[in-house]
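**Student:** Based on what follows, work out the 3D shape:
(chains A and B)
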Amino acid sequence: MAKKLMKGCEAIGEAAIHAGCRLFFGYPITPQNEIPEYMSARLPQVGGVFVQAESEVAASNMLYGASGAGCRVFTSSSSPGISLMMEGVSYMAGAELPVVIVNIMRGGPGLGGILPSQSDYFQATKGGGHGDYRLLVLAPSTVQEAADLVIDAFDLADTYRNPVMILGDGLIGQIMEPVEFKKEIKPEDLPEKPWATTGCAGRARNIINSLYLDPEELEAHNWAIYAKYQEMAKEVRHEAFNTEGGCDVLIVAYGTVARITKTAIEMAREKGLKIGLFRPITLYPYPTEALVKAAEGAKAVLVSELSTGQMVEDVRAAIAGRKEVAFHGRVGGMVMGPDDLVEQAEKLVAVPA
Amino acid sequence: MTSPVGRRDAYDVLTAPVIIFVGHFGSGKSEIALNLAFDFRARGHEVSIVDLDVVKPYFRCRLAHAELAEKGIHLVAPEGDRFYADLPIIVPEVRGALSRSDDGNARVIVDAGGDDLGARAFGAMSDLVDRARTELLFVVNTRRPFAEDQAGLSTMLREVETAARMSVTGLVANTHLMEETTPEIVLGGLEAARTLSAATGIPVRFCAALRRLVGSLDRVDCPLLPIDRHVLPPDKRPRRGPLGRPMGI
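**Tutor:** Model prediction:
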């Protein structure tokens, strides 16, 4: 298939179709409206169903129902809308339902603004809804990667029977880049889900539920899903760039900030400063071991995010005091330039006068 | 600005004082409008650029406001915090800009939003323009979703005309894949625009291509508009500043 020029949002939608997903339930919000817009045009063409729900709360419960019935299903929203979905997300984690949720983050808190942000890191990786649960969280930094990760997200969701979140900032959703779709999965070729509520003729009933009134049962359920999260650790992914043979400053960044870091690396090279990039692709599970290794060869570590400092806590926990971990963040829709990162890196390695 | 002898630039074929760009969402209207505005200005025209994009939230031509101001090009777009909004705001000045094009030296370039939705904003004011002296140009990038085949192109063309309440007067071939664009991709897109032209009777006005490709397109029998990118994501901006306002995107 010839390469197309797509917005991140459009590529995410097309990737879901390529993953064999034929159901989208959601509610519009900037800066991800192109996902529902795209799905509303494309799904009827491939025999799928698009429903604009009455709210994000409703959409997340539609996901619960469709996933419980064994279908591949996804939704997308942006920060405030994702907050509204959190009740449903917790229910789906509790009922062990595989769904894909896309959050194209905008500035918060509250209604915030419509420009890009990464300030939902805590919400995505540490819970967000109530109860002891985790989402598997994937963070693309290009349009191609967004498309590829969406396809992987559906498989990971099925493997672990757990919601998977694609966490992108507004720029990843809005930027336009060439993209190619290499594989297409037909819905009819997907493996059967023996646990789904598909009609119990000839077999015992399947039940999709997150209510456990018996405390012993609920405790056992919690430890069972906890074991699943432990197993997810083998899914860690990261990209290390320009770190071979060590570097002066290792910048840890994901999404758009990782892109900016790559430009900063080129700018710093002209000044004789070697910046390396460590880019986590899975934000949960976090690629802790690989990060520790990359940081060993760095004189200084700098975390940069479009937040006041969220992922930096995971980095500091990983580095565990072995090195100083500096932070540089912009918020509210403001985005650092590559030159800002070079300046920050220079400060860290400057010899005190 | 200097073209090889014999080749005409987009500038040479665009003589109407009002030029409006419509087309599929993401077809390249904003960059074309900006490049043309800078081109007209460099050749001594009084230029206004109207950002009528009420569809997309990022990467609109208003982001080049500092560069436009520096060159003395008048930008008509919402101000203050509404500068950043994706609300259907049309400032009153738009009506003035559209009807004030009788000065022979003035050029008004309008960047409408994508699809029929974007064209509708202009449609509400299309009675203000002198149709005989207005170009309504439909931008074609066949690498964009829903614009890959003739059926998709002609459907959108009709929908845009209905929404704009005006017939399209010309086509702009703008097929590209950003940095991955090759001369073959441009030529393939020009061919598709010509097929659409043959089916509709609407002429291809010009072909847009990244400036680095213009040398390889010298023999193309179509006026060219060399494109320099003005609306760039933060990782493609070498330094703080060219977009002036310390803004996000």
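
**Student:** What residues of stretch B:151-162 count as buried?
**Tutor:** Buried residues in stretch B:151-162, counted by 16 or more other Cβ atoms under 10 Å in any protein chain shown: B:153, B:156-157, B:160-161. C-betas here are computed from N, CA, C, even on glycine.

**Student:** Stretch B:222-240 now?
**Tutor:** For stretch B:222-240, burial by neighbour count (16+ other Cβ under 10 Å) applies to B:222-227, B:230-231, B:233-235, B:237.

**Student:** rewinding a little: Throw the buried residues of stretch B:151-162 into CSV and include secondary structure, thanks.
**Tutor:** Listed next are these as CSV, based on DSSP: H, G, I helix; E, B strand; the rest coil:
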residue, secondary structure
B:L153, helix
B:M156, helix
B:L157, helix
B:V160, helix
B:E161, helix
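
**Student:** Give me the secondary structure label for B:G118.
**Tutor:** Assigned state for B:G118: helix (three-state reduction, three-state DSSP).

**Student:** Which pLDDT does the model give residue 28?
**Tutor:** I'll assume chain A. For A:P28, the model assigns a pLDDT of 97.

**Student:** you looked at the wrong chain, it should be chain B
**Tutor:** At B:G28, the model reports a pLDDT of 95.

**Student:** can you check the one 3 residues further on too?
**Tutor:** As predicted, B:E31 sits at a pLDDT of 96.

**Student:** quick one: buried residues of the helix or strand hosting it?
**Tutor:** If you go by DSSP states H and E, B:E31 is part of helix B:29-42. Applying a neighbour-count criterion of 16+ other Cβ under 10 Å, one finds B:29-41 buried in helix B:29-42.

**Student:** between the residues you listed, which is nearest A:G8?
**Tutor:** If you rank those by distance to A:G8 using Cβ to Cβ, B:S30 comes first, at 17.5 Å.

**Student:** which residues sit in contact with that closest one?
**Tutor:** Contacts for B:S30 (Cβ atoms under 8 Å, 6 or more residues apart in numbering or on different chains) come out as B:51, B:53, B:59-61, B:111, B:231.

**Student:** In chain A, where is pLDDT below threshold?
**Tutor:** Across chain A, the ranges flagged by pLDDT under 70 are A:353.

**Student:** quick one, helices of it?
**Tutor:** For chain A, helices defined by DSSP state H occupy the ranges A:8-18, A:34-42, A:56-68, A:79-94, A:121-125, A:143-160, A:170-174, A:215-231, A:255-270, A:288-296, A:311-319, A:338-349.

**Student:** The first one near chain B at all?
**Tutor:** Looking back up the chat, that one is helix A:8-18. Yes - using Cβ under 8 Å from any Cβ of the partner chain, helix A:8-18 reaches chain B at A:10, A:14.

**Student:** before we move on, the earlier item: ok, and of the contacts of B:S30, which contact chain A?
**Tutor:** Answer for the contacts of B:S30 near chain A (Cβ under 8 Å from any Cβ): B:F59.

**Student:** Downstream of the helix holding B:E31, the next helix or strand is which one?
**Tutor:** Using DSSP H and E, the first helix or strand after helix B:29-42 is strand B:46-52.

**Student:** Listing partners with orientation, what would you give for that next one?
**Tutor:** With DSSP bridges as the test, strand B:46-52 is paired with strand B:74-76 (parallel), strand B:106-112 (parallel).

**Student:** For the shortest one, the averaged confidence score.
**Tutor:** Throughout strand B:74-76, pLDDT has a mean value of 94.

**Student:** neighbouring contacts of that strand?
**Tutor:** The contact list for strand B:74-76 (Cβ under 8 Å, 6+ apart) reads B:46-51, B:62, B:65, B:68-69, B:91, B:93-94, B:97.

**Student:** now swap in the last one and tell me
**Tutor:** When contacts are taken as Cβ under 8 Å, 6+ apart, the neighbours of strand B:106-112 outside the stretch itself are B:17-22, B:29-30, B:33-34, B:36-37, B:40, B:45-53, B:60-61, B:97-98, B:100-101, B:118-119, B:121-122, B:164.

**Student:** Show me what counts as buried in that strand.
**Tutor:** B:106-112.

**Student:** Quickly name whichever of those is closest to chain A.
**Tutor:** B:D111 (15.9 Å; Cβ to the nearest Cβ).

**Student:** I'd like the distance between that closest one and A:I251.
**Tutor:** From B:D111 across to A:I251, the span is 36 Å (Cβ to Cβ, to the nearest Å).

**Student:** List the residues that contact B:V214.
**Tutor:** B:224, B:226.

**Student:** Isn't B:L98 up against B:V129?
**Tutor:** Yes - the pair B:L98 and B:V129 qualifies as a contact (Cβ atoms under 8 Å) at a distance of 5.4 Å.

**Student:** Can you show me the strands along chain B?
**Tutor:** Along chain B, counting by DSSP state E, strands occupy B:18-23, B:46-52, B:74-76, B:106-112, B:134-140, B:170-173, B:204-210, B:224-227.

**Student:** Return the most buried member of the ones you listed.
**Tutor:** strand B:18-23 (a mean of 28; mean count of other Cβ atoms under 10 Å in any protein chain shown).

**Student:** Thanks a lot, see you next time.
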